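Student: Below are the sequence and a predicted model for it; my questions follow.
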Amino acid sequence: MSSIQLASALISGVVNGALYSLLGLAIVLIFRTTAVANFAQGDIGMLGAFVLIMFIVPLGLPLWGAWIVTVCLSGIFGGLIYLCLLKPRPIAGHLNLTIRTLGLSTLAYAVALYVWGEGEPYRVPSLFPRLTTELMGFSISYDQIGTVAVALVLSIILLAFFRFTQIGLAMRAVAINPDIARLQGVNVNRIVLVVWIVAAGIGAAVGLLIAPISFLETALMRPYLLKAFTAAIMGGLYSFPGVLLGGVILGITESLAAMWLSVQLREAFVFLVLLLVLLLRPAGIFGHIIRTRV
Amino acid sequence: MIFNKMVYSALAATFIVASNAYAEDGVTATEILLGGSNAATGPVASVCYAVTHGQLAYFKRINEAGGIHGRKIRYEVLDDAYSAQRAIGNVRRLLQQDKVFALFGGCGTVTAAGILSAVEGTSVPYLFPYAGLDKLIDPPKQNIFALMPLYSQQTAAIVPFVVDKIHPKTAAMFSTNIAGHEGWRQAARDRLQAAGVKLVIDGVMEVTSPERAAFVVQAKEKDPDLLLIMDTAPNAARFLIEMQRQNWKPRMIAGYSTLTDETFLRAAAENAEGIVLAPGIVLPPTAPQSKQCVDDLSAYKKELTASHFTMYGCLTAHVLVEALRRVGPDLTQAKLIATLEAMKGFDTGISGKVSFGPGQRMGMQEMYPFGIEKGQFKIVAAPIGFKK
């Protein structure tokens, strides 16, 4: 592998890894607070991208404004998902709730396919110029730089939010033990609602970053969702820094495997790495084994 | 009273016999039932189902004008989602339950391979799928006719044309790994070798994965003069977008007919301007001769946009209707096959002339070389013939 190929693989890996990290962060956020694995996380992002080009862009807003509106609307949609789908009958158990998200994912995909499937794929405008720049002999495009920058800024904002704000502290409390958080006066239902709003907003942001690169189609987020779960598991399902690091490691690993071994072996190599991580660190890179008293 | 009962019974029997006078499956006094399996959903739906729209639009106009010898065409299409297994299931249902007269259309090499396994050896005509699958017509099958030149034929025609045009020293080839890819890759290798062009990369891409970055990096590293992309329209467009991201492009890009679809044009946009050459089966919708097909589509469904695939649908429907007309009122599967076999030099107005024969099941003998100028497809030279 030449240095240019290596550099291109690393850049590509970091970009993809940043996207896996963000999406994985949303998954971990919901999982930590509700113990529900949200299989609809990717399709929320997909729907967000369709809302952007079908409804928001035609309004004539500047693209950055359209982005913000779309992310906010997606957040509201996430809140509605919680209120209508997850909040009713919570005693049904975590498996039941997780299956509900799987059903939502299937429904969202089917509806999007019915409404927009015939005209796909769609070109989505990018926030970043479609230009490249040369850096030490290899090319890097502005949308790659922009994607990593947005992912980095969002990650910092979210980590700071969880660490330094009241509501972030409340979220962490609910994630550790919702019963004790309730006894401490935290409105758990409201916190979980906020979690879903934030997670849906993150999903939409990821969808809006991916769609201009890859064309928008109804199956856009499916490969990313699987990798996001992988990143979350690698990082430790309860660790925010873990999922961010796990995503980047995953992205770089698969990109190097594609370049070094074969593109066809990329997926197999990724899951080999996952298995190794779980064998050597069962709780993930940053996770720890949680013992519960029965 | 007994006499009246006898008369009524005789009349009823006559009616029953008359309405079932056609023993041929899928044919009645008033209707011809055609069946098809196509990708209404799935990774190629956006391009493939346009073929069916073009066909339905054409049939609508024919039916509104009274049909063919008093029979209207009813075309039932089942969704296979680009899955060979589903396509086989669809065909079984169409043949065994619905008892169609012929299988018509469809799109996708993967599914065509599945359908072929289900109809080969039967008497049911399987007509004009959009699939460049060698096995369809090589060796020729009695009941199977094609209008889509094989991808290997397209490659064998376009590569010498492009080589003559730009005189490349090196070439790279990336092909999607669908059934038959070894055939057209070999055809390309043979033509490049014959022209003294060095093939620096011969890569295979996964059809279900849209990831193209790794391949573009490989190509950029070798910097070939000519890039051959044998891929679906959306994935080929992704290849070009990735080339832009990598700030690299070859002197010329060529491929097969998927690069003549508006999906590719729309998605690849300015990245394809002036550097793409591909073989087109039918004239583009913007050609004056295409007006009838475009108008039919608009009358069928206003919101649909004419494309290479709708034009192909129109072409195949046109050829089938012509064949049905030539057979006459006494329509059977065997007579349709014989009529198609006897078709020579039929001018559709939107494609090369169509000719079949006893050992010739590929009706199209030439294709138009398409280029892209000012965001539109343009025929850049006289039709290219295929060597037998």
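Tutor: Cool, the structure landed.
Student: How about the residues of the stretch 151-300 of chain B by chain A?
Tutor: B:204-206, B:209-211, B:213-215, B:217-218, B:220-221, B:234, B:237-238, B:241, B:244-248, B:263, B:266-267, B:269 (C-beta under 8 Å from any C-beta of the partner chain). Quick note: C-beta positions are derived from backbone N, CA and C, even for glycine.
Student: got the contact list for the residue nearest to B:A179 when sequence neighbours are not counted?
Tutor: Leaving aside its chain neighbours, B:A179 sits nearest to B:A113 (4.7 Å; criterion: C-beta to C-beta, 6 or more residues apart in numbering or on different chains). By C-beta atoms under 8 Å, 6 or more residues apart in numbering or on different chains, the contact list for B:A113 reads B:A84, B:A131, B:L133, B:K135, B:A179, B:G180.
Student: Does B:A113 belong to a helix, a strand or coil?
Tutor: Under DSSP: H, G, I helix; E, B strand; the rest coil, the three-state class of B:A113 is helix.
Student: Surely B:Y368 touches B:L277?
Tutor: No: using C-beta atoms under 8 Å, B:Y368 is not in contact with B:L277; the gap is 10.9 Å.
Student: ok, which stretches of the chain are strands?
Tutor: Using chain A. Secondary structure of chain A (DSSP state E): strands at A:132-135, A:138-141.
Student: Actually, chain B is the one I wanted.
Tutor: B:31-38, B:72-79, B:102-104, B:126-127, B:144-145, B:170-176, B:198-205, B:226-230, B:252-255, B:276-280, B:366-373, B:376-379, B:384-385.
Student: what's the closest of these to B:L331?
Tutor: strand B:31-38 (7.0 Å; C-beta to C-beta).
Student: quick one, that closest one and strand B:72-79 angle?
Tutor: Using axes from the mean of the first three to the mean of the last three C-alpha atoms, to 10 degrees, one finds that strand B:31-38 and strand B:72-79 are set 20 degrees apart in direction.
Student: Show residues contacting strand B:31-38.
Tutor: By C-beta under 8 Å, 6+ apart, strand B:31-38 touches B:26-27, B:48-49, B:51-52, B:55, B:68, B:71-80, B:86-87, B:90-91, B:94-95, B:98-108, B:111, B:115, B:324, B:331.
Student: So which of those reach chain A?
Tutor: B:Y49.
Student: Tell me the one of the contacts of B:A113 nearest chain A?
Tutor: B:A179 (16.6 Å; C-beta to the nearest C-beta).
Student: Up against chain B, what does the stretch 151-294 of chain A have?
Tutor: Applying C-beta under 8 Å from any C-beta, one finds that the stretch 151-294 of chain A approaches chain B through A:I213, A:S214, A:F215, A:E217, A:A219, A:P223, A:S255, A:A258, A:M259, A:V263, A:Q264, A:R266.
Student: Buried among the contacts of strand B:31-38? Need that as a selection in ChimeraX.
Tutor: Entered in ChimeraX, the line below selects the buried ones among the contacts of strand B:31-38, by 16 or more other C-beta atoms under 10 Å in any protein chain shown:
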select /B:26,27,48,49,51,52,55,68,71,72,73,74,75,76,77,78,79,80,86,87,90,91,94,95,100,101,102,103,104,105,106,107,108,111,115,324,331
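Student: quick one: low-confidence parts of the chain?
Tutor: Assuming you mean chain A. Where chain A drops to pLDDT under 70, the residues are A:1, A:284-294.
Student: wrong chain, I was asking about chain B
Tutor: B:1-23, B:208, B:387-388.
Student: how far away is the spatially most central residue of it from chain A?
Tutor: Nearest to the mean C-alpha position of chain B, counting by C-alpha atoms, centre = their mean, stands B:Y130 at 2.1 Å. Counting by C-beta to the nearest C-beta, to the nearest Å, the separation of B:Y130 from chain A is 16 Å.
Student: quick one: stretch A:109-128 near chain B?
Tutor: Yes: contact between stretch A:109-128 and chain B, assessed by C-beta under 8 Å from any C-beta, occurs at A:L113, A:G117, A:E118, A:G119, A:E120, A:P121, A:R123.
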